[in-house]
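[1] just need the structure, nothing else, for what follows:
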Amino acid sequence: MNKRTGITGGTSRVGRAIAVAFAALAVMFVVTPSAGAQPGVGSTNFSSPVLGLNIQSDGYVGGESLFVNSTIVAHTDPSRPGTTYFGRNGSHCGCTVNWRNLDTGATGAWRMPPVAEIVPWQQTGVGRIEATARIDGNFSLTIITGRGSWVVP
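    Next up, the predicted model:
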């Protein structure tokens, strides 16, 4: 107990938790891409990685890591118009990518499959795409949301 204020030591833990939360928010704003960033065509890394904790994830066998640091990659190919193939650079995160086609208004979601599975190309439509990626385990914490934009031919 603090003799001057009469407050017990538990408030210092709350203060530290608040400080950590504000620090995480500050990092998100620093890493978030500017509105003027031009989307790419071809193979495009998301402009910010997915960072966080994945304590337990349903349906994943092996390859899961407690600490997630993964950059989602969106691949496009002119010979496959209107489609995107999602991949990753870094640890397997059990992430879900939520995307929106800015030209057609179409939306969709892609969930990263278990480590050994390959998912076919996703129909996103031709146009400019913006997306976010978050960790979606049973007990997970996304500290930094992955963000990306690209053009689908």
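
[2] what ranges do the strands span in the chain?
    Using DSSP state E, the strands of the chain run over 43-45, 50-56, 67-75, 83-90, 95-101, 107-111, 122-123, 127-135, 139-144, 146-152.

[3] got any ranges where this protein has weak pLDDT?
    Within the chain, the segments meeting pLDDT under 70 span 1-41, 56-65, 114-116.

[4] again, only this time at 80
    Within the chain, the stretches falling below the threshold (pLDDT under 80) are 1-43, 54-66, 90-94, 113-120, 137-139.

[5] buried deepest among the strands of the chain, which one?
    The highest mean neighbour count among the strands of the chain belongs to strand 146-152 (a mean of 23), with neighbours defined as mean count of other Cβ atoms under 10 Å. Quick note: C-beta positions are derived from backbone N, CA and C, even for glycine.

[6] can you list contacts of it?
    When contacts are taken as Cβ atoms under 8 Å, 6 or more residues apart in numbering, the neighbours of strand 146-152 outside the stretch itself are 32-33, 37, 39-41, 44-50, 70-72, 74, 76, 81-84, 95, 97, 101, 124-134.

[7] that one vs strand 83-90, what angle?
    Relative orientation of strand 146-152 with respect to strand 83-90: 150 degrees, computed using axes from the mean of the first three to the mean of the last three Cα atoms, to 10 degrees.

[8] CA atoms only: put strand 146-152 into PDB for me.
    Presented in PDB, the C-alpha positions along strand 146-152 are these (Å, rounded to 0.1, in the frame of the first residue of the first chain):
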ATOM      1  CA  GLY A 146      -1.900  -7.000 -41.900                       C
ATOM      2  CA  ARG A 147      -3.000  -4.600 -44.700                       C
ATOM      3  CA  GLY A 148      -2.500  -4.800 -48.400                       C
ATOM      4  CA  SER A 149      -3.700  -3.500 -51.800                       C
ATOM      5  CA  TRP A 150      -3.200  -4.700 -55.300                       C
ATOM      6  CA  VAL A 151      -4.700  -4.700 -58.800                       C
ATOM      7  CA  VAL A 152      -6.200  -7.800 -60.300                       C
END
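
[9] what's the spacing between the closest residue to Asn98 other than its chain neighbours and Trp99?
    Of all residues beyond its chain neighbours, the one nearest Asn98 is Ala109 (5.0 Å), with distances taken as Cβ to Cβ, 6 or more residues apart in numbering. As for Ala109, its distance to Trp99 is 7 Å (criterion: Cβ to Cβ, to the nearest Å).

[10] fine by me, we can end here.
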